[in-house]
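1. Okay, here's the prediction I keep looking at, along with the sequence it came from:
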Amino acid sequence: MTNPIKLYRNPKSGHCHRVELMLAFLGLPYETIDLDMANGAHKAPEYLKISPFGLVPAIDDGGYTLADSNAILIYLVQTYAKSSHWMPSNPKDAAEVQRWLTVAADNIYAGPCAARLVKVFGTGHDHGAAVAKAHALFKVMDAHLADRDWLATDTITIADVAGYSYIAHAPEGGVDLAPYPNVRAWLSRIEAQPNFVAMAKSPIPELA
């Protein structure tokens, strides 16, 4: 690979951060392009050619463009780290990874992500419902992580990368992580990985 992968993003988007985290973990050269979404840059005709739904993140890898964060994780690993621990080929392990990618797209999005969208971006999501969903998710995850280090297998995978960003930044959405020691230990293990890059922080609101 000669040219860096272009990552179109909002620097405070967890969806974008999970892709940047994967790029960093794989040691791939990349260039971040921050879109002025407040002024509609994500709806510009040229960007819609890259991301037809006008969403971030999206990548351009030598002319191949792809949107959707979880799809990008799969593409990066299958292209640059095939047969690695990041995405196991064993059917049961692969199914466990897929299960947690679904959790990232569903439970995490509806819970800690939605709660944070209200507090950081001022969206109209139901904050109380999102906080309740986040706590319901974290209770399940904390029990799941009681006797294991990683979500899907016995080593870090793209499932952990997909889950990290919005959970690590859940307090920015008014969701307290203090009751979930196993979740917090899991976050610390991810942060201890070589080449870890953090997401831009936002203020933590007062908890009700």
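-> That came in fine, so what should we check first? Residues are numbered from 1 along each chain as shown.
2. next SSE after the helix-or-strand element of the chain with minimal mean pLDDT?
-> Least confident helix or strand of the chain, by mean pLDDT, DSSP states H and E, is helix 45-48 with a mean of 91. Helices and strands here follow DSSP states H and E; after helix 45-48, the next one along the chain is strand 58-61.
3. so after the helix ranked longest in the chain, what's the next helix or strand?
-> Secondary structure assigned by DSSP state H gives helix 127-144 as the longest helix of the chain. Proceeding N to C from helix 127-144, the next assigned helix or strand is helix 158-168, under DSSP H and E.
4. helices and strands around that next one, which ones?
-> helix 14-25, helix 69-80, helix 91-103, helix 181-191 (3 or more Cβ pairs under 8 Å, 6 or more residues apart in numbering; DSSP states H and E). Heads up, the C-betas are built off the backbone N, CA and C, glycines and all.
5. Adding mean pLDDT, mean neighbour count and distance to Gly122, write these out as CSV.
-> CSV is the format used below for the helices and strands packed on helix 158-168 (pLDDT from 0 to 100; neighbours: other Cβ atoms under 10 Å; distance: least, Cβ to Cβ, whole Å):
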stretch, mean pLDDT, mean neighbour count, distance to Gly122
helix 14-25, 98, 24, 16
helix 69-80, 97, 20, 22
helix 91-103, 97, 16, 26
helix 181-191, 98, 16, 26
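6. in the least confident helix or strand of the chain, what's buried?
-> Neighbour-count burial for helix 45-48, counted by 16 or more other Cβ atoms under 10 Å, picks out Tyr47.
7. From the chain's centroid, how far away is it?
-> Centroid separation for helix 45-48 versus its chain: 23 Å, with Cα atoms, centre = their mean, to the nearest Å.
8. What of stretch 190-202?
-> Computed by Cα atoms, centre = their mean, the chain-centroid distance of stretch 190-202 equals 12 Å.
9. Just the pLDDT for Lys43.
-> Lys43 carries a pLDDT value of 87.
10. quick one, what contacts it?
-> Gly54 (Cβ atoms under 8 Å, 6 or more residues apart in numbering).
11. Now do it against Pro11, distance only.
-> According to Cβ to Cβ, to the nearest Å, Lys43 and Pro11 sit 19 Å apart.
12. Next: Asp61.
-> Distance of Asp61 to Pro11, given as Cβ to Cβ: 20 Å.
13. which stretch among the helices and strands packed on helix 158-168 comes nearest Glu31?
-> Evaluated with Cβ to Cβ, the helices and strands packed on helix 158-168 place helix 14-25 nearest to Glu31, the distance being 10.0 Å.
14. can you give me the angle the closest one makes with helix 158-168?
-> Angle, helix 14-25 to helix 158-168, by axes from the mean of the first three to the mean of the last three Cα atoms, to 10 degrees: 130 degrees.
15. After helix 14-25, heading C-terminal, what element do we hit next?
-> Of the helices and strands lying after helix 14-25 in sequence (DSSP H and E), the nearest is strand 30-34.
16. Now do that next one: everything it contacts.
-> The contact list for strand 30-34, computed with Cβ under 8 Å, 6+ apart, reads 4-11, 20, 23-24.
17. Fine by me, we can end here.
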